[in-house]
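# What follows is a predicted protein model with its sequence.
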Amino acid sequence: MTGEIYRKPVMFAIVATVVILIGTAITMFIPMLTPQMHPRLENLKPFTALQLAGRDIYQREGCNNCHTQTVRPLKTEVMRYGEYSKAGEFAYDHPFLWGSKRTGPDLARVGGKYPDAWHYRHFENPQAFFAESNMPVYEWLKDNKLDPAKIEAHMKALGFPYIPEDIELLKDKTELDALVSYVQVIGASVTKKAVPMATPAVTEKEHISNPFAGDPKAIAAGKNIFAKNCAVCHGENAQGDIGPNLTDKAFLYAEGDVPDDDYFEIINNGTTPGMIEEGRTAKGGMIPFKDTLSKDEIWSVVAYIRSIQGK
Amino acid sequence: MSDYQYDNETVKGFIISSIFWGVVGILVGLWISIQMWAPSWNIPPYFTFGRLRVVHTNGLAFGLGIGAIFGICYYITMRLTKRPLLFPKLARFHLYLFNAAIALAALSLFAGMNQSLEYAELEWPLDVGVVILWVIFAVNIFGTIIKRKEEQMYISLWFIIATVITVAVLYIVNNLSIPAGLFKSYHLFAGVNSANVEWWYGHNAVGFIFTTPILAMFYYFLPKSTGIPIYSHRLSIIAFWSLVFAYLWTGAHHLIYTPLPDWIQTLAIVFTIFLIAPSWGSVVNGFYTVGTDWSKMQTNYLTKFFILGITFYGLQTIQGPTQGLRVVSQLIHYTDWVPGHVHMGTMGWVTMTVAASIYYIIPRIYDTEIYSEKIANTHFYLVLIGQLIFSITMWITGIQQGALWKAVNPDGSLKYTFMETLVRNYPFWKMRTVGGVIFTIGMLFFIYNIFMTIRKGKSLAAAKA
Ligand code: HEM
Ligand code: HEM
């Protein structure tokens, strides 16, 4: 650098501008002009009016300050949350909501993970589910009606397709309805691939019986696991709530007992709507625990369920 | 004395405004730090964590940061060009508009008007206001520099010019949006592209709000308060150009392991590592300057503010590039480690240097001495302790969190549920609040000291008249 430039402010400003624009152009402007920055998965759909209204609320409430929406391609992260995020999932995300801090869990795969009822309850009082959660209560969203005209304007601004009935439908909906509808569509474009099982399937010997059946220590441990993981849906005493009653002899809405390994499988793998198990049809909503509970823990909780059945 | 008057009133106005908004921002910081371990401190709808966190970051980046930058850069520019501002009335208007904009910005964020782009949350009508503020600033700075009375432009002016240009480019591009009503808009960019634009902006907002203007202050006030000239002019030339060149390539280090194309991430990581060099150019320059006479650390109370400030800047600019590495990022990204990093920079470097600059300026404007060096020293140690508690607790809990998220049982299943990893943060989050309270008390000492200095200056002036 010659000393000259430090006496010529205009020259200096021009040179400085060029210097900052080089990195800007190469890492930001030029990629923007190429298709690699605009990928779109085939089955990705634009947001519906109700979902967009929910997304607006997500932005307004700053949920992204506690929740990320991108699963990194790291082994334990995929186990915890599901399939890692793909560039093509976000084509309609104005702006992206990946976030930068995980005070709460990642939400990229939360769509369809729980039944709607779970979310309503959770938003109304997260601490009722997890006493030590620090997520704020969002019950008050129930009291706010949506404004269809505003949402229509938002749909128009983004050029998302809708029919007048979609807007008409918003009239009786609350902000909480919208938020749940948005949360349920997050990540929906990535078909949930069956993640390879971390635990081997039930062995021949176990098929005959639960290795921990009747073991008081395992039952006590199972009770603990149940309180932490299952009570939110099946009720504190397993008498049923969002999920069915586990203390009766019915299994998936039909009378007649099933062997222990069916219990193991349903806890390990969860259910999807329409899935057939022992000739009975599931409605979906039971979540898989294969990545959060070890095999022994699942058998313990089965032992616990057996111990309270018929009481 | 010269035959002209520096426009001290505007400088003073900006300094006092920035202190005011700083207090608001810091109190909100305390509030959200409590909400993180006591959710009952959320008061819906306006004061939940999701809304308040944004008030905290914007209040401090824009209210404290930019307010101080406007005022102090005006001060420095007038001294270095040896003339008053070219448009003093415009500068006064700038001050009023600034305060109106920040007040409206705070209200709009409480109300949940939020673009969800970090550090660019303000909705579009306010963006227009910010651009107007910036244009006024640019016109006055450039005008004054062009009409300067001193041929050579000192280092601080380079940093100020780079700041003015770069922030303008960053702010305008990242805020391009599709308006969907008076208080709602959507980012013009979508998905991966939206992320890339945002973090190009976000990282450089740190670079050109929390780094270059603060370096301008450092290069000006360190020699002024110690009476020792900057050690190496040549080093500052190299450091300046390589810093402003390299910064703009590195935004994607905030997006490591996301779906952003790998080559952009890798390129960003390479430049991120390179950034150590120009950053340390300034650190070394600062140390060597005072190194010619370390007794200044004892004889001049301001020296330690600047030296500690640049030390934290030095640590920050080693820690930052480390965080950019993939192997480190996969552990600490998304954890509390990052707020630990952030607050070492904002509390230890930015606030420390800004406070020292204000200590230098205020007595000179009022033609008096600082009210109490003892109080200034108390302020110094309190903010130092507060910041260290904050950063160290967050580093520990951040690493713990990262490790627990990855922990697996011998059979390959995850060892901890999310809740089990969350509850282990609570003791550290509580300690962070304690650190924050200590820091806040330190800042109150600072404010009291400044307030008393102004009072002293005013009564002296009245006595003379
Ligand atoms: C009493 C002092 C302070 C307290 C208690 C405090 C507290 C906090 C808390 C609790 C967060 C949220 C962290 C999270 O989401 O995990 C935060 C974020 C932040 N604060 Fe502060 N803060 C203080 C001072 C400051 C100062 C002085 C500045 C700037 C000059 C600042 C700038 C920021 C920024 C930029 C973030 C966003 C960090 C990120 O996104 O990773 N804070 N602060
Ligand atoms: C050479 C200099 C620096 C480099 C390379 C650097 C690098 C980084 C990286 C890689 C992150 C992302 C961490 C993550 O999310 O995993 C980060 C976050 C951050 N850094 Fe630095 N840093 C530097 C200096 C500074 C300085 C001087 C400040 C001043 C306050 C600062 C403030 C921040 C803030 C506010 C964030 C949080 C962004 C967010 O997620 O909201 N950094 N830095």
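Cool, got the structure. On a predicted model such as this, the values are computed, not experimentally measured, just so you know. Ligands and ions are numbered 1, 2, ... in the order given.
# rest of the way, CA atoms for contacts and neighbours
Noted.
# for A:Lys142, what are its contacts?
Each residue near A:Lys142 by Cα atoms under 8 Å, 6 or more residues apart in numbering or on different chains is listed here: A:Thr174, A:Glu175, A:Leu176, A:Asp177.
# which one of these has the most neighbours?
A:Leu176 (25 neighbours; other Cα atoms under 10 Å in any protein chain shown).
# so which helix or strand takes in that residue?
helix A:175-183 (DSSP states H and E).
# who touches that helix?
So helix A:175-183 is contacted by A:50-55, A:57-58, A:110-111, A:116, A:119-120, A:139, A:141-146 (Cα under 8 Å, 6+ apart).
# Just the buried ones from those?
Neighbour counting with 16 or more other Cα atoms under 10 Å in any protein chain shown marks A:50-55, A:57-58, A:110-111, A:116, A:119-120, A:139, A:141-142, A:145-146 as buried within the contacts of helix A:175-183.
# what stretches of chain B score poorly on pLDDT?
B:1-4 (pLDDT under 70).
# So which residue of it lies furthest out from the middle?
Ranked by distance from the centre of chain B (Cα atoms, centre = their mean), the top residue is B:Asp411, with 46.7 Å.
# Doesn't B:Trp134 belong to a strand?
No. Per DSSP: H, G, I helix; E, B strand; the rest coil, B:Trp134 lies outside any strand segment and is helix.
# So it is in contact with B:Ala168, correct?
Yes. At 7.1 Å, B:Trp134 counts as touching B:Ala168 under the criterion of Cα atoms under 8 Å.
# Settle it for me: which of these two has more neighbours?
When B:Trp134 and B:Ala168 are compared for neighbours, B:Trp134 comes out ahead with 21 against 15, by other Cα under 10 Å.
# Contacts only, for the more buried one.
Shown in contact with B:Trp134 (Cα under 8 Å, 6+ apart): B:Val164, B:Ala168.
# B:Ala195 now?
A:Pro95, A:Phe96, A:Trp98, B:Leu255.
# Can you get me a residue count around the third one?
It refers to A:Trp98. 23.
# Find the nearest non-adjacent residue to it, please.
Distance criterion Cα to Cα, 6 or more residues apart in numbering or on different chains; nearest residue to A:Trp98, sequence neighbours excluded, is A:Gln69 at 4.4 Å.
# One more: the first one?
Nearest residue to A:Pro95 in three dimensions, chain neighbours excluded: B:His187, at 5.0 Å (Cα to Cα, 6+ apart).
# Which secondary structure element is home to A:Ala117?
Per DSSP H and E: helix A:116-124 holds A:Ala117.
# so what secondary structure elements neighbour the following helix or strand past that helix?
Next along the chain after helix A:116-124, taking DSSP H and E as the criterion, comes helix A:126-129. Using 3 or more Cα pairs under 8 Å, 6 or more residues apart in numbering or on different chains; DSSP states H and E, no helix or strand is in contact with helix A:126-129.
# Show me what counts as buried in helix A:126-129.
A:Pro126, A:Gln127, A:Phe129.
# neighbours around the nearest residue to the second one once chain neighbours are set aside, how many?
Right, the one you point to is A:Gln127. Distances taken as Cα to Cα, 6+ apart place A:Ser133 nearest to A:Gln127, at 5.7 Å, with adjacent residues excluded. Residue neighbour count, defined by other Cα under 10 Å, stands at 19 for A:Ser133.
# Which residue ranges make up each domain of chain B?
What the record gives for chain B is the domain set B:1-188, B:221-228+B:277-458, from automatic domain parsing.
# How far away from the center of its chain is the shortest one?
Right, domain B:1-188. 11 Å (Cα atoms, centre = their mean, to the nearest Å).
# ok, now the longest one?
Centroid displacement of domain B:221-228+B:277-458 relative to its chain, using Cα atoms, centre = their mean, is 11 Å.
# Run a quick neighbour tally on the residue in the stretch 1-150 of chain A that ligand 2 sits nearest to.
The stretch 1-150 of chain A approaches ligand 2 most closely through A:Ser100 (5.0 Å), counting by Cα to the nearest ligand atom. Each residue near A:Ser100 was counted by other Cα under 10 Å, and the total is 20.
# for it, phi and psi?
Here is the backbone geometry of A:Ser100 (degrees, to the nearest 10): phi -140, psi 0.
# Are the longest helix belonging to chain B and ligand 1 in contact anywhere?
Ranked by residue count, the top helix of chain B under DSSP state H comes out as helix B:426-464. Yes. Helix B:426-464 reaches ligand 1 (Cα under 6 Å from any ligand atom) through B:Thr433, B:Gly436, B:Val437, B:Phe439, B:Thr440.
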